[in-house]
Structures are given as C-alpha cells and as structure tokens.
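**Student:** From the sequence below, what's the structure:
(2 chains)
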Amino acid sequence: DTEVTQTPKHLVMGMTNKKSLKCEQHMGHRAMYWYKQKAKKPPELMFVYSYEKLSINESVPSRFSPECPNSSLLNLHLHALQPEDSALYLCASSQGGGAGDYGYTFGSGTRLTVV
Amino acid sequence: GQSLEQPSEVTAVEGAIVQINCTYQTSGFYGLSWYQQHDGGAPTFLSYNALDGLEETGRFSSFLSRSDSYGYLLLQELQMKDSASYFCAVGSTGFQKLVFGTGTRLLVSP
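**Tutor:** Okay, the predicted model is just below:
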C-alpha cells in the first residue's frame, strides 16, 4: 500500500461549523504533513508530525488544530473558519521528516469551501 | 530568506522537448526534487537530484548544478497528458524541510 488516503474529498462548511479532515498512511512513514494550497500557488506547510513531535507553522491561525492519534493518522480539526480559508488541503507523508527526505507521498486532497 | 524561482508558464506542442528551470536560494541544501500536479489533483513525485549532473527517468530528466544553485526538468516527446503544473522543491533546514518553488504551468497543444 503506497497511498495516503484523505477524507472527505470535498467539504463545504459555514463559518460557525466544526469539521475534521482525516488523513491516513500505511507506508510506515515516520513523518506526516498538512499543506494548504491556493489556486496556482505552491503548497504551504501548516503542520508537521515527525517522530511523535508536532511542529507548527506559526503563521497558521488557531482555528486549525492538528491531532495525531497514532503514527498512521493525522487529522486536521477546523473551527470558525473564514472564507479566505477556502483551498485545497493536502496531507503528505515521508520516511523520516528530516531535511534529506524526498519523494513525499501526497493524498488526493480535500477541496474545502467556506461559506 | 528561502526562495525557488521558476517560469510561471511554458507552452509547447506534442512531441516537442521542453525545459523547466529552477533557481534556488535556501538555508541548507539537501537535494532538488520535482513534482507534477494536474489541475485539482495531488502533487506526485517525479525525480530527485542530490548530486550535480543529469538523472534520467523515462521521458523525464532532471539536472542539478549546486555551484550555480540551479536545476531543470527536461520533458521529452511531450504528450497532452503532460499538461500540468510542475514544482521544484529543495530539502532544507528550518521548519519547512521541503521548500517548494513557485510552480510552472506547462500547456501542451496538439
């Protein structure tokens, strides 16, 4: 199994809603990531979970909160989002999470629309 | 700061050869990789260069010159399905272990 599975594929939510994005990998990778991607832009890293340690991009607002139940799962909880948060949210994994990692495996993404 | 610059768009016809350039400035360097992303899809890994020179994978080749902080992706025998965005990415120190370039949109016409 060489996939990263993300659910749901599409999500429309109101600004007062609470929702969660789910991500799972079974490749034995030790690092998982959440990226946000706006149209025609590169992916922006939001969170990294590597070797049981969570690292946070300080520019990410607190209305996004990651949760890592185990080394194969990395969820993203969403609360009180704004319309500008509408984007493609990508989960990825890599072998170790170090600077020398390459060949990240990305999930198919969740297309999020905030109304 | 960290930056990876690519041309925003490249156009070519089927069967042609196209080169997508990437110049980078990063804190630390741990190899240059390339990703392909079709509209609405996920980035998929194409190639990786840790050392200077050319790496070939089928129709795709990737080149790196560390002294020039420069690399390129070469796509040969272009097909319509190659129309996509292409991102270079550098392994780097700091929070962003993989820093992505600005992306190049490749349009292949018949």
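**Student:** same question for stretch A:60-67, mean pLDDT?
**Tutor:** Averaging pLDDT along stretch A:60-67 gives 96.
**Student:** What of stretch B:88-103?
**Tutor:** Rounded mean pLDDT across stretch B:88-103 is 89.
**Student:** What residues does chain B have near chain A?
**Tutor:** Neighbours of chain A within chain B, by CB under 8 Å from any CB of the partner chain: B:28, B:30-31, B:33, B:35, B:40-45, B:48, B:85, B:87, B:89, B:91-93, B:95-98, B:100-103, B:105. For the C-beta atoms, the positions are set from N, CA and C on the backbone; glycine is no exception.
**Student:** B:Ser67 and B:Leu51, how far apart?
**Tutor:** 12 Å (CB to CB, to the nearest Å).
**Student:** any residues touching the helix or strand bottoming out on mean pLDDT in chain A, and which ones?
**Tutor:** When each helix and strand of chain A is scored by mean pLDDT, DSSP states H and E, strand A:53-56 comes last, with a mean of 90. Strand A:53-56 is contacted from outside by A:Met46, A:Phe47, A:Val48, A:Tyr49, A:Pro66, A:Cys68, B:Phe95, using CB atoms under 8 Å, 6 or more residues apart in numbering or on different chains.
**Student:** Up against chain B, what does chain A have?
**Tutor:** A:40-43, A:45, A:48, A:55, A:57, A:88, A:90, A:94, A:97-109, A:111.
**Student:** Taking the residues you listed, please make a ChimeraX selection of just the buried ones.
**Tutor:** Here is the ChimeraX selection string for the buried members of those, based on 16 or more other CB atoms under 10 Å in any protein chain shown:
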select /A:42,43,45,48,55,57,88,90,94,97,99,101,102,104,105,106,107,108,109
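**Student:** Right, I'll call it a day here.
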